[in-house]
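coords please:
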Amino acid sequence: MKIIHLANHAQNVGNGIVNMMVDLACMQARAGHDVTVASAGGGHEALLAREGVRHVLLAQSPRPSRLPAMAAGFNRLIAEIDPDVVHAHMITGALIARFSSLRRRFVLVTTVHNEFQKSAPLMRVGDRVVAVSEAVAVAMARRGIPRARLGVIGNGTIGTPRLAHTPVPDEPRLAHPCVVTVAGMYERKGIGDLLHAFALLRKRVPDAVLYLVGDGPDRAAMEALAQQLGVAEHAHFTGFVADPRGYLAQADVFTLPSHTESGALVLCEARETGRAIVGTRVGGIPEMLDDGEAGLLVPPANPVELAEALGMLLTDRVARAMLMARSRRNCERFNVQRVSDDYLSVYERALASRQPRRFATVATAGLATPEIAVPDAISQKTTW
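Here you go, the predicted model:
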């Protein structure tokens, strides 16, 4: 099968959309498919080349002035490769793929990674639209994406090719007891709530330390907030860390206190390392924590309850050990091989509806057709 993945860039900056796309492209290449990633580049090209994935420079920008050049570049790529599937991971690529080629032979698959974006419903242009969690699928159905073209494939990072050629870095020396988060420094990630909760936590656990691993546009504001709350000496902003395994492995408690979250890859990583986890009950977080079985869930934007949960786990070793054990259970579904298999099944079903094609039927390719998880709220009208 000839597959093209579209994204704005391929930078190694902790962007979950890019990381998921890179994993998927590499796994599909390992399975013997002809895979191309078209983006503005930025860091993952060497990895893609090692894994047998071709990378092509294709700038993708929402600026209207760039549309003619983007369309021309995309059409040249299509003419050269004649793909079976174009898989768009961001809105600009989805629109280019849908409207640049009026007589297209390929099927277009889109993935909704960030449901909170106002423009997310534009991903409906795909022949098949994949949501990364059931919560996202329900939200997208409510926002008008046809239910017959909408399904769910959860994210996963276990066995990621991104770390296959990377030695485990020297572990940082963390002070204990410690709370760790790995997140972009955005207000929507609940970083401000976490700092307020940490200030409360210090009253109960005076020697507690906080590590904030990540970077982003709100970092300076968050550092200023830490100063205002009097916790700057004990709240360590590390900046972006390409391989945060050392921080995860040493965390006494990992937390992701987001206000919005579709299907955070870091929760897969935290569960793989068996961390005690505290997350907020928003978006796809409850699904990724088995609805509270694999991690504590607290309301979003509630520093008091967040501090209570963190404090309980830091001071109660038995409760923390039990949650760590539960975190490791049922992690098979976070394997990148499962993610790749599920997407290939979606591609095959989409191709089967657009005969004649080189891979017109699932039977021709000899692939199984596993059930794709679909929310109860939309399953009655979902045909794939």
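
And residue 153, how far from residue 353?
As for residue 153, its distance to residue 353 is 18 Å (criterion: CB to CB, to the nearest Å). In short, each C-beta sits where N, CA and C put it, glycine included.

Residue 343 is in contact with residue 23, isn't it?
No: at 10.6 Å, residue 343 does not count as touching residue 23 under the criterion of CB atoms under 8 Å.

Run through the helices of the stretch 151-300 of the chain in chain order.
191-204, 219-228, 245-250, 265-272, 285-288 (DSSP state H, counting those that start in this stretch).

Between these, which one is closest to residue 27.
Smallest distance to residue 27 across the helices of the stretch 151-300 of the chain (CB to CB): 14.5 Å, for helix 265-272.

packing partners for the closest one?
The contact analysis (3 or more CB pairs under 8 Å, 6 or more residues apart in numbering; DSSP states H and E) places helix 265-272 against helix 16-30, strand 178-182, helix 245-250, strand 253-256, strand 277-280, helix 285-288, helix 317-328.

Determine how far stretch 127-137 lies from the middle of the whole chain.
12 Å (CA atoms, centre = their mean, to the nearest Å).

Can I get it in PDB, CA atoms only?
Extracted C-alpha coordinates of stretch 127-137, given in PDB (Å, rounded to 0.1, in the frame of the first residue of the first chain):
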ATOM      1  CA  ASP A 127     -13.400   9.800   3.800                       C
ATOM      2  CA  ARG A 128     -12.800   8.300   7.200                       C
ATOM      3  CA  VAL A 129     -12.400  10.500  10.300                       C
ATOM      4  CA  VAL A 130     -10.500   9.000  13.300                       C
ATOM      5  CA  ALA A 131     -10.800  10.300  16.900                       C
ATOM      6  CA  VAL A 132      -8.100   9.500  19.400                       C
ATOM      7  CA  SER A 133     -10.500   8.900  22.200                       C
ATOM      8  CA  GLU A 134     -14.200   8.100  22.600                       C
ATOM      9  CA  ALA A 135     -14.700  11.500  24.200                       C
ATOM     10  CA  VAL A 136     -13.300  13.200  21.100                       C
ATOM     11  CA  ALA A 137     -15.600  11.100  18.900                       C
END
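
what's next to that stretch, contact-wise?
Identification of contacts with stretch 127-137 by CB atoms under 8 Å, 6 or more residues apart in numbering yields 20, 107-113, 115, 123, 140, 145, 149-155, 262-263, 283-284, 286-288, 343, 346, 349-350, 353-354, 373-375, 378, 384.

pretty sure residue 287 is touching residue 138, no?
No: with contact defined as CB under 8 Å, residue 287 does not count as touching residue 138 (11.1 Å).

Can you pull the residues that touch both of those two?
Between them, residue 287 and residue 138 share no contacting residue, judged by CB under 8 Å, 6+ apart.

Does the residue lying closest to residue 61 once chain neighbours are set aside lie in a helix or a strand, and which?
In space, residue 61 comes closest to residue 92 once its chain neighbours are excluded; the distance is 6.6 Å by CB to CB, 6 or more residues apart in numbering. Element membership for residue 92 (DSSP states H and E) is helix 91-99.

If we go by neighbour counts, what in that helix is buried?
91, 92, 93, 94, 95, 96, 97, 98 (16 or more other CB atoms under 10 Å).

can you put these in a markdown table and add distance to residue 311 and pLDDT?
Formatted as a markdown table, the buried residues of helix 91-99 follow (distance: CB to CB, whole Å; pLDDT from 0 to 100):
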| residue | distance to residue 311 | pLDDT |
| --- | --- | --- |
| 91 | 41 | 94 |
| 92 | 44 | 94 |
| 93 | 44 | 95 |
| 94 | 44 | 96 |
| 95 | 47 | 94 |
| 96 | 49 | 94 |
| 97 | 49 | 95 |
| 98 | 50 | 94 |
